[in-house]
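In: kindly generate the corresponding structure for this input.
(4 chains)
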Protein chains: 2
Amino acid sequence: MGKQMTEMLKGTLEGIVLAFLTGNPAYGYEITTWLRSQGFTDIAEGTVYALLVRIEKNGLVDVEKRPSEKGPPRKVYSLNSDGEKYLEEFWTTWGFLAERLESLRTEGK
Amino acid sequence: MGKQMTEMLKGTLEGIVLAFLTGNPAYGYEITTWLRSQGFTDIAEGTVYALLVRIEKNGLVDVEKRPSEKGPPRKVYSLNSDGEKYLEEFWTTWGFLAERLESLRTEGK
DNA sequence: ACCGGTACATAGTAGCGCTGAGTAGTGACG
DNA sequence: CGTCACTACTCAGCGCTACTATGTACCGGT
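Out: Numbering: from 1, shown residues only, chains lettered A, B, ... in the order given. From the prediction side, this is the model:
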């Protein structure tokens, strides 16, 4: 993946995953393949799992273990109320940044 | 500054500064105060100087030393052709990310 | 002589994504 | 039955970037 994209994902990937999880519980492997289908083709598996561990530790998601038809049991993540709050803040932060950058791109400066 | 903003700035701050430099040579202190005026109130001076050292080392900017009326001489940075190329890539990367996030925010998923 | 504003610099820290490897369960194919 | 492919998760170590904290130095006003 481009170095620029790698750096830009820092801080945003978490929001992307939380947004995906909104009303849509999912497990790691599923999230990884979804991300790839969204154009983030080079997201490393390890990155997603590490992120999930982090947001679980930070109490933004609830976890439920479910047996899988194929392979080892799945850990299904769902956004909880703290996660929703956090996601809201994320959108606020993102909105500010996106607005600043958009005006930089169009106005020139 | 919020932790979210700190992480989100990784990868984007560089683009913001390069965009500011487009047709608008500036020195470190000036860039810092401009950033703060743009709402990035808590940008640390050290962050900007470190970034400038980096983009200079990467050959994205030309540097010229000019005496200042006040204080030590200024190091004035201006975007060169490599920097312009890099900035274009930045906008492409940013555009992709912004589009993905925008559709996540509105469509829900 | 002192203070506040201007201007630059750097060593150390922390967070996040990537690399690369490993562990394990399932089903299909020869 | 062995091996391959897919599913699913885990972990150690690395690189990059922003922050913290501190220091240097020049100038004008009081």
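
In: contact residues of chain A facing DNA strand C?
Out: A:1, A:6, A:9-14, A:42-47, A:50-51, A:54, A:69-72 (C-beta under 7 Å from any atom of the strand). In this view, the C-beta of every residue, glycine as well, is placed from N, C-alpha and C.

In: selecting buried members of those in ChimeraX, what would you type?
Out: Here is the ChimeraX command that picks out the buried ones among the residues of chain A next to DNA strand C, judged by 16 or more other C-beta atoms under 10 Å in any protein chain shown:
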select /A:6,9,11,12,13,14,43,47,51
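
In: and the longest helix seen in chain A, what's buried?
Out: Assignment by DSSP state H gives helix A:81-107 as the longest helix of chain A. If you call a residue buried by 16+ other C-beta under 10 Å, then helix A:81-107 has these buried ones: A:83, A:86-87, A:90-91, A:93-94, A:97-98, A:100-101, A:104.

In: avg pLDDT for that helix?
Out: Average pLDDT, helix A:81-107: 95.

In: packing partners of it?
Out: Contacting helix A:81-107 under the criterion 3 or more C-beta pairs under 8 Å, 6 or more residues apart in numbering or on different chains; DSSP states H and E are the following elements: helix A:13-21, helix B:3-9, helix B:13-21, helix B:81-107.

In: for DNA strand D, which of those helices is the nearest?
Out: Of all the helices and strands packed on helix A:81-107, it is helix B:13-21 that lies closest to DNA strand D, at 3.2 Å by C-beta to the nearest atom of the strand.

In: paired strands for the helix or strand that comes right after the closest one, with orientation please.
Out: Next along the chain after helix B:13-21, taking DSSP states H and E as the criterion, comes strand B:26-27. Paired with strand B:26-27 in the same sheet, following DSSP bridges, are strand B:74-79 (antiparallel).

In: against A:L18, how distant is A:L60?
Out: When distance is defined by C-beta to C-beta, to the nearest Å, A:L60 is 7 Å away from A:L18.

In: and A:L52, what element?
Out: helix A:45-57.

In: quick one: list the elements packing against that helix.
Out: helix A:13-21, helix A:28-37, strand A:61-66, strand A:74-79.

In: nearest to B:A26, out of those?
Out: Closest of the helices and strands packed on helix A:45-57 to B:A26 is helix A:13-21, at 31.0 Å (criterion: C-beta to C-beta).

In: for the closest one, what is the average pLDDT?
Out: 97.

In: could you export it as CSV, CA atoms only?
Out: Extracted in CSV, the C-alpha atoms of helix A:13-21 (Å, rounded to 0.1, in the frame of the first residue of the first chain):
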residue,chain,number,x,y,z
LEU,A,13,-9.3,3.1,10.1
GLU,A,14,-10.7,2.8,13.6
GLY,A,15,-13.5,5.0,12.7
ILE,A,16,-14.2,3.2,9.5
VAL,A,17,-14.5,-0.1,11.4
LEU,A,18,-16.7,1.3,14.1
ALA,A,19,-18.9,2.8,11.4
PHE,A,20,-19.2,-0.5,9.7
LEU,A,21,-20.1,-2.1,13.0
